[in-house]
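K.L.:
Pasting the sequence and the predicted coordinates here, then a few questions.
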Amino acid sequence: MTQGPLTTEAGAPVADNQNSETAGTGGPVLVQDQHLLEKLAHFNRERIPERVVHARGAGAYGTFTVTADVTPYTRAAFLAGIGKETEVFLRFSTVAGNLGAADAVRDPRGFALKFYTEEGNYDLVGNNTPVFFIRDAIKFPDFIHTQKRDPYTGSQEADNVWDFWGLSPESTHQVTWLFGDRGIPASYRHMDGFGSHTYQWSNAAGEAYWVKYHFKTDQGIRTLTAGEAEVLAGKDPDSHQRDLRESIERGEFPSWTVGVQLMPVADAATYRFNPFDLTKVWPHADYPVVEIGRLELNRNPRNVFAEVEQSVFSPAHFVPGIGPSPDKMLQGRLFAYGDAHRYRVGVNADHLPVNRPHATEARTHGRDGFLYDGRHEGAKNYEPNSFGGPAETGRALWEPVAVSGATGAHVTPVHAEDDDFRQAGDLYRLMPEDARERLIANLAGSLAGVSRADIAERAIGNFRAADEDFGKRLEAAVQALRG
């Protein structure tokens, strides 16, 4: 291929492929960043008909029950009183594998939750880890390309995986999670879930808070070693899906204790690191997890394709009292998830039973298109109109966020501890010695498959920057495997 500058699909040179354009250094992402939208839209259309990511999954219905008064923090109706119950649908998934891949693999697990609330559906799209590999959605297609099959070999290649991770030091924290003991859950029931992103809650008085969600498994954490997973993936590729279905059939309903971390909006500007950075956690010592509810799964889908594969989730599906933050990964996902589903399932995917609101009716002026069921009959399809059609409320779902500065492809604003290695090192130092040994062995086994020494050395350097002992032991382990 001819060497030259990176360009858009139309051939225009790309000035910045690392940072989305935002309103000021810490503001929301701008729709005018057409390079970002082009990348995400093209990425969403690369595979049909299965999901580009999170293709392999299982799901179940259940209930969320409020156990604490959170009305001082949010006006969301489904959280309005202790004991209040809301029907939910939860889809678990792996990230990189295709629809026929095995469940027992080293990969993050999707934790996508749909609340069928009286104010419409609220979707919380998270993972079983509190952090992620990157902090800006503009890098997401590139990252996933490294996890998928190489265009020449048709296989996942260690060179691609580690080349990207080594050149993207913000991934060090998540990679440490992934190759640690929790990298391969024993089942979907025996792992925690996280909203991962930072979101906004706002109360009836218009006061706003930043919030992170935590789902603590009541079954206890259970994991697989690399050797155990290799055997199970070969013997029973459907192990996690089977375990979830059969546990519900037996009446052993899996459950999670739900908690949140709450940060006053004013704290964000002066916090020691950027609180909207998806590669970092908020230490519990700074913002303790407060229990708010209990999630239980108690009903299996009747048809996997209709209810699990055609289920769609979007972090843009908010309800009054809950909204987004300036998290740049979240801002990109607000567009990308809905766009992916409009392409994969159809523009009327939200009309399908698993996706439509249960306690209220969707009243829109959208018409026609694939899967349209004619529900609006002859009603007018514009607004405003004088025929009694649905009209705007005049009240925003969430509170406005102050922004300032020039538009541009800004690097994340710098806080005192905005480095890519500190939290990865903290995680390593928190591990007991036997867990560190397994982490080193898992990483070394993967890095030993890299064909170029400079790619391995760069990756090891990131772990050394997190903790000197971490890098030293990993380097020795890789050298030992290579002989």
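P.N.:
All right, it came through fine.
K.L.:
contacts and neighbour counts: CA atoms only from here.
P.N.:
Will do.
K.L.:
per-residue pLDDT, residue 227?
P.N.:
pLDDT recorded at residue 227 is 94.
K.L.:
give me the element it is part of.
P.N.:
helix 226-235 (DSSP states H and E).
K.L.:
Can you show me the CA trace of that helix as CSV?
P.N.:
Only the C-alpha atoms of helix 226-235 are listed here, as CSV (Å, rounded to 0.1, in the frame of the first residue of the first chain):
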residue,chain,number,x,y,z
ALA,A,226,-6.3,-20.7,31.7
GLY,A,227,-6.0,-24.5,31.7
GLU,A,228,-9.5,-25.1,33.1
ALA,A,229,-11.0,-22.7,30.6
GLU,A,230,-9.2,-24.4,27.7
VAL,A,231,-10.7,-27.7,28.6
LEU,A,232,-14.2,-26.4,29.3
ALA,A,233,-14.3,-24.3,26.0
GLY,A,234,-13.5,-27.5,24.1
LYS,A,235,-15.9,-29.8,26.0
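K.L.:
Residues contacting that helix, please?
P.N.:
102, 103, 104, 105, 106, 184, 239, 442 (Cα atoms under 8 Å, 6 or more residues apart in numbering).
K.L.:
Now the two most distant members of those.
P.N.:
239 and 442 (21.7 Å; Cα to Cα).
K.L.:
just for this structure, where's the confidence low?
P.N.:
Residue ranges of the chain with pLDDT under 70: 1-3, 8-12, 46-49, 52.
K.L.:
can you map out the strands along it?
P.N.:
Ranges of strands in the chain, per DSSP state E, are 21-23, 57-66, 85-94, 109-117, 120-127, 193-194, 199-202, 208-217, 255-264, 290-299, 322-323, 407-409.
K.L.:
Tabulate the ones you listed (CSV), appending distance to residue 343 and mean neighbour count.
P.N.:
Shown next, in CSV, are the strands of the chain (distance: least, Cα to Cα, whole Å; neighbours: other Cα atoms under 10 Å):
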stretch, distance to residue 343, mean neighbour count
strand 21-23, 25, 24
strand 57-66, 19, 22
strand 85-94, 20, 23
strand 109-117, 19, 24
strand 120-127, 19, 23
strand 193-194, 27, 24
strand 199-202, 26, 25
strand 208-217, 29, 23
strand 255-264, 33, 21
strand 290-299, 29, 20
strand 322-323, 25, 24
strand 407-409, 28, 18
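K.L.:
what would those look like in a markdown table with distance to residue 351?
P.N.:
Below are these laid out as a markdown table (distance: least, Cα to Cα, whole Å):
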| stretch | distance to residue 351 |
| --- | --- |
| strand 21-23 | 33 |
| strand 57-66 | 18 |
| strand 85-94 | 16 |
| strand 109-117 | 14 |
| strand 120-127 | 12 |
| strand 193-194 | 27 |
| strand 199-202 | 26 |
| strand 208-217 | 28 |
| strand 255-264 | 29 |
| strand 290-299 | 21 |
| strand 322-323 | 23 |
| strand 407-409 | 37 |
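K.L.:
Of all these, which one is nearest residue 243?
P.N.:
Across those, closest to residue 243 is strand 57-66 (Cα to Cα), at 10.1 Å.
K.L.:
quick one: that closest one to chain centroid distance?
P.N.:
Taking Cα atoms, centre = their mean, to the nearest Å, one finds the center of strand 57-66 at 17 Å from the center of the full chain.
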